[in-house]
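1. Give the three-dimensional model of this entry:
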Amino acid sequence: MDDKKKKITLSAMKVFQNKGLEKATVSDIVKGAGIAQGTFYLYFPSKLSVMPAIAEVLVERTIKTCEKSMDWTMPFENQLEHFLEIVFQFTKEYRDIYALIYAGMGSSKQLDVWEAIYEPYYELIGNMLAKAKQRGDVRDQLIPKRSAALLIGLFESAAEQSFLYDNADEKAIQLKKNEALDFALHALGCFS
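-> Numbering: from 1, shown residues only. Just a heads-up that it's a prediction; the model follows:
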């Protein structure tokens, strides 16, 4: 993503978070980005068309956090738990943005780009699963990349239920995390 597109995207994230999707305008976004309105339209045909770029920024941030904070030498179960914590942390921190992305991408018919945005994310978690498979930490029949997509979906869904829909308290959130982790570990064949 080039600098101008990134400026527009980051500004849009702030504007959407502060004003909401309906009240936000392209003028608000370009003002925050410090660019001319015409420049906005070189990158995006409408304010809703920014949603995939916002999703891309969030996926990039999640990947960078995983790469920086993950101790790849710790046992697989601990890696999985750490990954779950990252997903919950990001969903909590960006709850308003996630809600807007889903609403914006759904209403702008851009859900088809979602898989392309998530591809590097699937790759990272798929590699983690492939290494676990090589070490014998997960079941032999596991297909790492396919399982990565399912695992990300499980963890994101659990986090979204906690922060976007339920407004759960800390105890309920911890129970949901524990259940998601236990479910994933069993599905991956980590328990005999």
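
2. State the distance from residue 153 to residue 182.
-> Distance, residue 153 to residue 182, using C-beta to C-beta, to the nearest Å: 17 Å. Every residue, glycine included, has its C-beta placed from N, CA and C.

3. brain fart, residue 134
-> 24 Å.

4. same question, residue 23
-> 42 Å.

5. for residue 161, same thing?
-> Taking C-beta to C-beta, one finds residue 161 at 16 Å from residue 182.

6. Look at these two and report which has more neighbours.
-> residue 161 (16 against 12; other C-beta atoms under 10 Å).

7. can you pull the contacts of the more buried one?
-> For residue 161, the contacting residues are 168, 176, by C-beta atoms under 8 Å, 6 or more residues apart in numbering.

8. Secondary structure class of residue 21, three-state.
-> helix (DSSP: H, G, I helix; E, B strand; the rest coil).

9. That one - how many residues pack around it?
-> Residue 21, neighbours per other C-beta under 10 Å, totals 16.

10. The one 4 residues further on now?
-> For residue 25, the tally of surrounding residues (other C-beta under 10 Å) stands at 13.

11. Quick check: it touching residue 37?
-> No: counting by C-beta atoms under 8 Å, residue 25 does not reach residue 37; the two are 9.9 Å apart.

12. Domain map for this structure?
-> 1-45, 48-187 (automatic domain parsing).

13. ok, residue 124 to residue 134 distance?
-> With C-beta to C-beta as the criterion, residue 124 and residue 134 are 16 Å apart.

14. For those two, indicate the residue with more neighbours.
-> Taking other C-beta under 10 Å, residue 124 and residue 134 do not tie; residue 124 has more neighbours (19 against 10).

15. Can you dump the C-alpha atoms of the helix or strand containing residue 132 in PDB for me?
-> Using DSSP states H and E, residue 132 falls within helix 114-135. Extracted C-alpha coordinates of helix 114-135, given in PDB (Å, rounded to 0.1, in the frame of the first residue of the first chain):
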ATOM      1  CA  TRP A 114     -11.900 -10.700   1.900                       C
ATOM      2  CA  GLU A 115     -10.000 -14.000   1.000                       C
ATOM      3  CA  ALA A 116      -7.300 -12.100  -0.800                       C
ATOM      4  CA  ILE A 117      -6.800  -9.800   2.200                       C
ATOM      5  CA  TYR A 118      -6.600 -12.800   4.500                       C
ATOM      6  CA  GLU A 119      -4.200 -14.800   2.400                       C
ATOM      7  CA  PRO A 120      -1.000 -13.700   4.200                       C
ATOM      8  CA  TYR A 121      -2.800 -14.400   7.500                       C
ATOM      9  CA  TYR A 122      -3.700 -17.900   6.400                       C
ATOM     10  CA  GLU A 123      -0.100 -18.400   5.300                       C
ATOM     11  CA  LEU A 124       1.300 -17.400   8.700                       C
ATOM     12  CA  ILE A 125      -1.000 -19.600  10.800                       C
ATOM     13  CA  GLY A 126      -0.800 -22.300   8.200                       C
ATOM     14  CA  ASN A 127       3.000 -22.400   8.600                       C
ATOM     15  CA  MET A 128       2.500 -22.600  12.400                       C
ATOM     16  CA  LEU A 129       0.300 -25.600  11.900                       C
ATOM     17  CA  ALA A 130       2.600 -27.200   9.400                       C
ATOM     18  CA  LYS A 131       5.500 -27.000  11.800                       C
ATOM     19  CA  ALA A 132       3.300 -28.400  14.600                       C
ATOM     20  CA  LYS A 133       2.300 -31.300  12.200                       C
ATOM     21  CA  GLN A 134       6.000 -32.000  11.400                       C
ATOM     22  CA  ARG A 135       6.700 -32.200  15.200                       C
END
